[in-house]
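Asks: Provide a 3D model corresponding to the input given below.
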Amino acid sequence: MAGPPVAGPPAPPVGLTGVGPPEASPGRPVVGVRPRRRHRALFWSAVVVCFGVAAVGAVVAVTGYLGASQPAGVVRDYFAALARGDAAGALALGDLPDGTHAWLTDEVLRAQNDIARITDVVLSARGSGNARTVDVQYRLVGADGAVPVADTVQLTRQGRAWRLTPAAVVTHVSVVKAGDRARLAGSAVPSGDVLLFPGALPITFAASALAVPAAQRVVRFSGGGLVVAEPQVTAAARGTVQAALRDALDACLAGKSKQQALCPQPSAGRVVPGSLRGAISGNLSDDLTVGLDSADSGLLDITATARVTGSYQALDFNNFAVTKRGTVVLRLAVRALTSAPGSLSWSA
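Replies: Model prediction:
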């Protein structure tokens, strides 16, 4: 006859998994299983942050693209390219009118920037539809100061992009005086129209005594394309002329001039040419004028007044030379080449 069943270990409670706590080994503590909820929360937080950063980056990229593709943004990029001397970068933003492209190069743009650089650009767009106008204000800063410039730029929409129409200025350069001495970016000034970038007119003169005033030296879209350049005598050349004129008159009054017969003389009576001796009283700069004649060769016309105390000889009624003494007023008239303003020739 079979005996009663032997009782085994108690079954685990219904609904729980596992078989209870592990048995402890001799000398080894019991280690429980830690929950992983905290690690899972950190993981999902990192995922959310990554998605947020990506979204912000996408917004910034799209905003930057839209800003650059708007009319004012295109004009801003155009003038930035001009300022850094990047002709290709500027031309890529617009269309060109008919005409030679020989002056739309990095070299010519560098010559423009050497004369005066574009700074402080301010833009304002107006209009609607597929045609817009951007008003531009900037300064041209050169060695002779800064000139404020106001201009307007026209753009049209081509597909999804805005483009300058045109991207260069049809320009006619008219040099009023000393045309033979003028150079446009190192070459002779052309007689017809040329295409130029807006900014400083790259005009210089073979004679350092001449320069075009900064206000006349501007190329702009809204100027009608005609740039009238009337060179003026520089302050440095004027100072050279003043010093040379005094030296020349001193030589005449000492009887040592190489042009003694042409030296200035008193206007009263029959004065013996070259006989005036004495010293200058006062300053020649009080009424000194240094002008440029109308010839293309570019000669300097110089006039001044000098007070001289001394003596001279004049012929009397019997044609005898008689010495006169006192203070006389001389009218001085000399000429000089623009290439050598210190080398004077007395006008007859």
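
Asks: Just the strands from the stretch 1-150 of the chain, written as ranges.
Replies: With DSSP state E, counting those that start in this stretch as the criterion, the stretch 1-150 of the chain has strands at 116-126, 131-142, 145-158.

Asks: can you check the stretch 201-348 of the chain too?
Replies: 203-205, 210-211, 218-219, 226-229, 232-233, 270-271, 277-281, 289-292, 299-315, 321-337, 340-346.

Asks: and the ones you listed as a markdown table, adding mean pLDDT?
Replies: Putting the strands of the stretch 201-348 of the chain into a markdown table (pLDDT from 0 to 100) gives the following:
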| stretch | mean pLDDT |
| --- | --- |
| strand 203-205 | 93 |
| strand 210-211 | 93 |
| strand 218-219 | 96 |
| strand 226-229 | 92 |
| strand 232-233 | 92 |
| strand 270-271 | 90 |
| strand 277-281 | 94 |
| strand 289-292 | 92 |
| strand 299-315 | 94 |
| strand 321-337 | 93 |
| strand 340-346 | 93 |
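
Asks: Mind putting those strands into CSV with distance to A90 and mean neighbour count?
Replies: (C-beta placed from N, C-alpha, C; glycine too.) CSV is the format used below for those (distance: least, Cβ to Cβ, whole Å; neighbours: other Cβ atoms under 10 Å):
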stretch, distance to A90, mean neighbour count
strand 203-205, 20, 21
strand 210-211, 27, 22
strand 218-219, 13, 20
strand 226-229, 19, 16
strand 232-233, 31, 20
strand 270-271, 66, 15
strand 277-281, 56, 15
strand 289-292, 35, 17
strand 299-315, 39, 18
strand 321-337, 39, 15
strand 340-346, 39, 17
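
Asks: nearest to G145, of the ones you listed?
Replies: G145 lies closest, by Cβ to Cβ, to one member of these: strand 210-211, at 12.0 Å.

Asks: strand partners of the closest one, parallel vs antiparallel please.
Replies: strand 232-233 (antiparallel) (DSSP bridges).

Asks: Can you pull out the residues in contact with stretch 284-294?
Replies: Stretch 284-294 is contacted from outside by 177-178, 210, 231-233, 237-238, 241-242, 245-246, 249, 298-306, 332, 338, 341, using Cβ atoms under 8 Å, 6 or more residues apart in numbering.

Asks: ditto for stretch 82-90
Replies: Against stretch 82-90 from outside (Cβ under 8 Å, 6+ apart): 77-78, 81, 104-106, 108-110, 112-113, 117-119, 167, 197-199.

Asks: now swap in stretch 212-224 and tell me
Replies: Residues contacting stretch 212-224 (Cβ under 8 Å, 6+ apart): 112, 115-116, 140, 142, 144-145, 147, 149-154, 166, 169, 171, 196-201, 203, 227-232.

Asks: May I see the buried residues of it?
Replies: In terms of neighbour count (16 or more other Cβ atoms under 10 Å), stretch 212-224 has its buried residues at 212, 214, 216-221.

Asks: domain ranges for the chain?
Replies: Here the chain is described, according to automatic domain parsing, as comprising the domains 71-233, 235-346.

Asks: okay, and for the chain, where does confidence drop off?
Replies: Residue ranges of the chain with pLDDT under 70: 1-69, 348.

Asks: Do a quick rundown of the helices in it.
Replies: 37-69, 71-83, 87-91, 106-115, 235-253 (DSSP state H).

Asks: separation between S267 and L344?
Replies: 21 Å (Cβ to Cβ, to the nearest Å).

Asks: re the thing from before, which of the contacts of stretch 212-224 count as buried?
Replies: Buried members of the contacts of stretch 212-224, scored by 16+ other Cβ under 10 Å, are 112, 115-116, 140, 142, 147, 149, 151, 153-154, 166, 169, 171, 196-201, 203, 227, 229, 231-232.

Asks: Pull the contacting residues for the closest residue to V334 other than its chain neighbours.
Replies: By the measure of Cβ to Cβ, 6 or more residues apart in numbering, the closest residue to V334 outside its immediate chain neighbours is L344, 4.3 Å from it. Listed by Cβ under 8 Å, 6+ apart, the contact partners of L344 are 241, 244-245, 248, 302, 334-336.

Asks: One more pass at 10 Å, please.
Replies: Going by Cβ atoms under 10 Å, 6 or more residues apart in numbering, L344 touches 241, 244-245, 247-249, 259, 300, 302, 332, 334-337.

Asks: Which of the strands of the stretch 201-348 of the chain sits closest to A161?
Replies: strand 218-219 (25.3 Å).

Asks: Sweet, I'm off.
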